[in-house]
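Enquirer: A structural model of the following input is requested.
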Amino acid sequence: MREYIDNFGQILNVKKVAALYSILYNAVWQNRKKMSKNRVDVIVIGAGPAGVSAAVTLARAGKEVLLVDRSDNAGDKNVFGGCIYAKQTAEIFPSFWETAPVERSVTENRIYMLTDYDSTMFAHRYSSKGSYKAFTVLRSRWDRWCVEQAKKEGVYFAPKTLVKELLIDNGKILGIKTQYENFYSDIIIAADGVNSLIAKQAGLRKNFKDSDVTLNVKEVIKIPRERLEDRFNLDENDGCACKIIGGPLKNMFAMGFLYTNSDSISIGLGVSLDELKKHNLKPYELLDELKEHPSISPLIKDGEVLEYSAHMIPEGRYDSIPKVYDNRIMLAGDAAGFVDNLHFEGTNLAMLSGKLAAETAVFAIDKGDFSASTLSLYYKKLKDSIILKDLKTHNNTIPFLKHNINTITSLYPELACEFFDMLHSADEIPKRTKYRKFLSKVIKSGGIQKSLPLGMFALEKCLKK
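Expert: So this is what the prediction gives:
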C-alpha cells in the first residue's frame with residue numbers, strides 16, 4: 001500500500017512539474033521562433049525596479065532580452081516602504097501616473113520625534129498641481145504593471161524561474177542554469193536583490209556584513225478612504241509620507257515609516273542586523289510597540305491588517321559597494337548595494353542603475369566586446385549619476401549617526417517635546433523662569449554641545465568631495 005502511495009505521489013509530482021513547464025512554455029516562449037537555441041542578447045535576473053528598468057531599456061534599443069524571476073508573479077516577494085519617485089520612474093515609463101496602479105501622490109512629508117508617550121511632528125506640504133514628486137504604491141500591483149509594460153516592449157518574461165547558477169566555461173560566463181533548462185546570452189545583468197547568489201558566484205562580492213544590512217518589517221493596514229483622508233487631513237488622491245524616530249526605537253539605529261495608500265496604510269520600520277543581535281530584539285515586537293505609541297495608534301485605529309512582510313536591504317554605504325561589473329556581467333539595484341537609507345531612496349536608484357547597465361550593454365553589443373574593459377563604462381556612468389555621488393556624500397554619515405544614536409533618537413525628541421510643551425503651556429509660572437529652566441536642562445544634558453558638533457560634522461561631510 002505504501003509503495004502504491006509513493007508511486008502515486010511521484011506521478012502527481014511529475015504531472016505538476018509538467019503542468020508548470022507547460023504554463024511557462026506557453027506564457028513565455030510564444031515568440032520562441034525568434035530565439036535561437038535559448039539564446040538572447042542579455043539575460044536580466046530579477047523583475048524588481050532595477051531588472052525591469054534594464055529590460056525595458058534594452059528592448060527599446062532593439063535587443064533581445066530575457067527577464068527571469070523566481071516568483072509566481074512579479075512583486076510577490078518584493079518589499080519596500082511604499083514610495084516611488086517620479087523623475088527616475090518617468091524616464092522609463094513616461095506619464096506612468098495616468099495608467100499605473102499608483103495609490104496617492106505624496107504632497108506632505110512628516111517627521112515624528114517620539115518620546116515614550118509624547119511626540120513632536122514636523123511637516124512640509126506642497127502642491128502637486130502639474131508636478132509630481134513621488135507616489136505611494138503597493139509592490140504587488142506596481143511590479144506586475146511594470147512587467148506588463150516590459151512585455152509590451154518585447155521583453156521575454158519568465159516567472160517561476162529559479163536561477164540555480166551561472167553557466168561558466170573556462171572562466172567565461174555563458175548564461176544561466178534554471179530548474180527548467182539552460183539559457184544563454186552575451187551579458188548578464190544581476191538585479192536579484194541583497195542576497196544576490198549570482199554576484200557571489202561571479203566573485204563580485206561576498207555576503208554583506210550585519211552592520212551593512214537592515215531588516216525591514218512592514219504591515220499594510222486597511223482603513224476606509226474617507227477616514228484615512230480625515231486622519232491625515234488629505235485631499236482626494238493626495239498622500240503623506242512619514243519618517244519616525246525615537247519612542248520604541250530610541251537608542252538604536254532604527255527608523256520607522258508610514259505611507260498612506262488609497263484605502264490602506266503601510267507602516268513599518270528598518271533596523272540594522274547588528275542592532276537586533278546586540279539588543280536581542282524581535283523586529284515584529286518593535287513594530288507592535290510602534291503601532292501602540294499614543295501618537296501613532298490613532299492613525300491606524302480600527303484598521304484591518306491585510307499583510308505582513310519582511311525583507312533585508314543594504315545599508316547603502318559607499319565603502320560597502322562591491323565591484324559592480326566584470327567580463328559579461330553587471331550588478332544593479334540592491335544586488336550592488338545601491339540604497340540611500342538616509343533619505344529612504346532605493347527604487348529610484350535601482351531604476352536608474354538598471355537603465356545605466358542596459359545602456360552599457362547596448363554599447364557592448366553594438367561593439368561586439370563584452371569584456372570588463374568595455375563594461376567599465378557602467379561604472380563611469382554610475383560615477384556621473386546621483387547614485388555614487390549621493391552615496392559618497394553620505395558615506396561617513398551613517399557611522400557618525402550610529403555613534404551618536406542616543407543623542408539623536410532619545411535626547412533630541414525629549415528636548416523637542418519639552419520645548420513645545422513649555423511654549424504652549426499657560427500657568428502661574430513666569431515664562432522667563434520656564435525658559436531658564438529649559439535652557440539649564442539643555443546645557444546639563446549636553447544638548448547644545450552635542451548639537452553644534454553634529455551639525456558641523458554633517459555639513460562638513462556633505463560638502464567634502
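Enquirer: CA only for contacts and neighbour counts going forward, please
Expert: Noted.
Enquirer: so which strand or helix has K392?
Expert: helix 386-393 (DSSP states H and E).
Enquirer: I'd like the average pLDDT over the helix or strand that that helix is followed by.
Expert: Next along the chain after helix 386-393, taking DSSP H and E as the criterion, comes helix 397-403. Regarding helix 397-403, the rounded mean pLDDT is 82.
Enquirer: then stretch 253-272?
Expert: Rounded mean pLDDT across stretch 253-272 is 94.
Enquirer: also stretch 426-435?
Expert: Taken as a whole, stretch 426-435 carries a mean pLDDT of 84.
Enquirer: first-to-last residue distance for that stretch?
Expert: Taking C-alpha to C-alpha, to the nearest Å, stretch 426-435 runs 13 Å from one end to the other.
Enquirer: and what of stretch 336-351?
Expert: 12 Å.
Enquirer: and that stretch, how far out from the chain's middle?
Expert: 6 Å (C-alpha atoms, centre = their mean, to the nearest Å).
Enquirer: so where's the stretch 1-150 of the chain shaky on pLDDT?
Expert: In the predicted model of the stretch 1-150 of the chain, residues 1-37, 75-76, 128-130 satisfy pLDDT under 70.
Enquirer: helices of that one, residue ranges please.
Expert: 2-28, 49-60, 86-92, 139-152 (DSSP state H, counting those that start in this stretch).
Enquirer: using CSV, write out every CA atom in the helix holding K392.
Expert: What follows is helix 386-393, C-alpha atoms only, in CSV (Å, rounded to 0.1, in the frame of the first residue of the first chain):
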residue,chain,number,x,y,z
ILE,A,386,23.4,60.8,-8.4
ILE,A,387,23.9,57.2,-7.3
LEU,A,388,27.6,57.2,-6.5
LYS,A,389,27.6,61.0,-5.9
ASP,A,390,25.0,60.8,-3.2
LEU,A,391,26.3,57.6,-1.6
LYS,A,392,29.8,59.1,-1.5
THR,A,393,28.4,62.2,0.1
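Enquirer: on contacts alone, who are the packing partners of that helix?
Expert: In terms of contacts (3 or more C-alpha pairs under 8 Å, 6 or more residues apart in numbering; DSSP states H and E), helix 386-393 is packed against helix 447-463.
Enquirer: apart from its neighbours in sequence, what residue is nearest F420?
Expert: What sits nearest to F420 in space, not counting adjacent residues and going by C-alpha to C-alpha, 6 or more residues apart in numbering, is T120, at 7.9 Å.
Enquirer: surely the one you found is in contact with L415?
Expert: No - checked against C-alpha atoms under 8 Å, the pair T120 and L415 is beyond contact range at 9.7 Å.
Enquirer: shouldn't G346 be in contact with A336?
Expert: No - in this structure, G346 is not within contact of A336 by C-alpha under 8 Å, at 11.5 Å.
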